[in-house]
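>>> okay, sequence plus prediction incoming.
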Amino acid sequence: MSPFSYDLHTISTFRDRAACERARTISRAELTSHPNPDFRIRVVDDPAEFYRQFADDLVGRIRAGRDAGRPVVLILPVGPMPQFELAAKLINSERLSLAHVHTFNMDEYADQDGNTAPVSWPGSFQRAMWESFFARIDAALRPPEDQIHFPTTDALPSYSARIDDLGGADACYGGIGWGGHIAFWEPHLADEFGGDLDAYRAAGARLVDLHPMTVMQNALHSFGGDWSWVPPRANTIGPREILGAAHRSFWLDGDLGGGHSWQRFIARLVAHGPVDPYVPGSLLQETRADYTLLGSVADDVAIAMA
């Protein structure tokens, strides 16, 4: 082992170096084992199969609700996107009506004053969801527009209550951010709760400042690397909505190409590190959840020098 040692950079809100080192050394072979049998970790190597399974999971829940004659409430992320196009094709081919479906998007970008992005802005999550999913579903099969929800500035004050009024979400879909966020519930928000995990878990939808790691992550995958283009704030659901769902289905596909993934370490820290509000996704460990990793995300963490 090299004698070179150093402090974690101040950008890191989670400061447990030993936990980071343990997470880093978890091999691909060890990754899918977890002491909570309801926290089910699996790896899908083929990207096409990964997104097909994601789409099948989503459409399967919609179909099951229709067959049972009950409404289905879904919390949806924006990325990754290919699964939504596949799901729309499947819905259309089956002539599966979504009249019983209520969707709530996890988050939406906001400016420095808390005004959410309009649909006309190219980076808007509302726009992305309509273009990749809702508009691709035949109009006769689409949910009524008043059952398609986004956490806009106007909707935010009652967003948590709307989900509660429908009995909570049947499923919350999502991913994990570079700093460990779920939705845009960022690591630094833990500072407000003074270690009170019960209050933290009960926190609902709100406006947040984006963590620097989130700005950089989103610049890489959505803004051509231009961090100046990423808005500074966002509206987001909170732990209350995620933990209150009947089920959680999280999909990690952070692949940069060429065998590189930005998500390898954080996927491990979230799944096998301590349950800690400074790593928001770690709360999933205590729940019933599916945690599916693209093969490149599951590969071992290693230093790659040019």
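Sure, I can see it. All values derive from a computational prediction rather than experimental measurement.
>>> now for residue 104, how many residues are close by?
Residues contacting residue 104 under the criterion other C-beta atoms under 10 Å number 24. Where C-beta positions appear, they are placed from N, C-alpha and C, glycine not excepted.
>>> what's the answer for residue 29, then?
9.
>>> who does the one helix or strand in the chain whose mean pLDDT sits lowest pair up with?
One helix or strand of the chain scores below all others by mean pLDDT, DSSP states H and E: strand 255-257, with a mean of 85. Using DSSP bridges, strand 255-257 pairs in its sheet with strand 260-261 (antiparallel).
>>> hang on, the earlier thing: quick check, distance from the least confident helix or strand of the chain to the centre of its chain.
18 Å (C-alpha atoms, centre = their mean, to the nearest Å).
>>> tell me which residues in stretch 59-75 are buried?
Residues 59, 61, 62, 63, 65, 66, 72, 73, 74, 75 are the ones in stretch 59-75 that count as buried (16 or more other C-beta atoms under 10 Å).
>>> contact partners of that stretch?
Stretch 59-75 is contacted from outside by 58, 87, 90-91, 94, 96-98, 100-106, 163, 166-174, 237, 241-242, 245, using C-beta atoms under 8 Å, 6 or more residues apart in numbering.
>>> same thing with stretch 35-48?
Contacts with stretch 35-48, where a contact means C-beta under 8 Å, 6+ apart, come from 28, 31-34, 50, 53, 253, 255, 271, 284-295, 298.
>>> how near is residue 181 to residue 270?
For residue 181, the distance to residue 270 equals 10 Å [C-beta to C-beta, to the nearest Å].
>>> scratch that, residue 244
As judged by C-beta to C-beta, residue 244 and residue 270 stand 19 Å apart.
>>> for residue 218, same thing?
Shown here: residue 218 relative to residue 270, a distance of 18 Å by C-beta to C-beta.
>>> of the two, which one has the most company?
More crowded of residue 218 and residue 270, by other C-beta under 10 Å: residue 270, with 27 against 22.
>>> show me the contacts for the more buried one.
Listed by C-beta under 8 Å, 6+ apart, the contact set of residue 270 reads 176, 180, 279, 281, 282, 284, 285.
>>> which of those residues sits closest to residue 145?
The closest of the contacts of residue 270 to residue 145 turns out to be residue 176 (C-beta to C-beta; 30.3 Å).
>>> is that closest one in contact with residue 187, as I believe?
No - contact status for residue 176 versus residue 187: not in contact, 11.6 Å apart, counting by C-beta atoms under 8 Å.
>>> low pLDDT regions in the stretch 51-200 of the chain?
The model of the stretch 51-200 of the chain has pLDDT under 70 over residues 80.
>>> 90 instead?
79-81 (pLDDT under 90).
>>> which stretches in it count as strands?
Secondary structure of the stretch 51-200 of the chain by DSSP state E, counting those that start in this stretch: the strands cover 72-76, 101-105, 107-110, 148-149, 171-174.
>>> mind putting those strands into CSV with distance to residue 264?
Below are those laid out as CSV (distance: least, C-beta to C-beta, whole Å):
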stretch, distance to residue 264
strand 72-76, 25
strand 101-105, 27
strand 107-110, 24
strand 148-149, 33
strand 171-174, 18
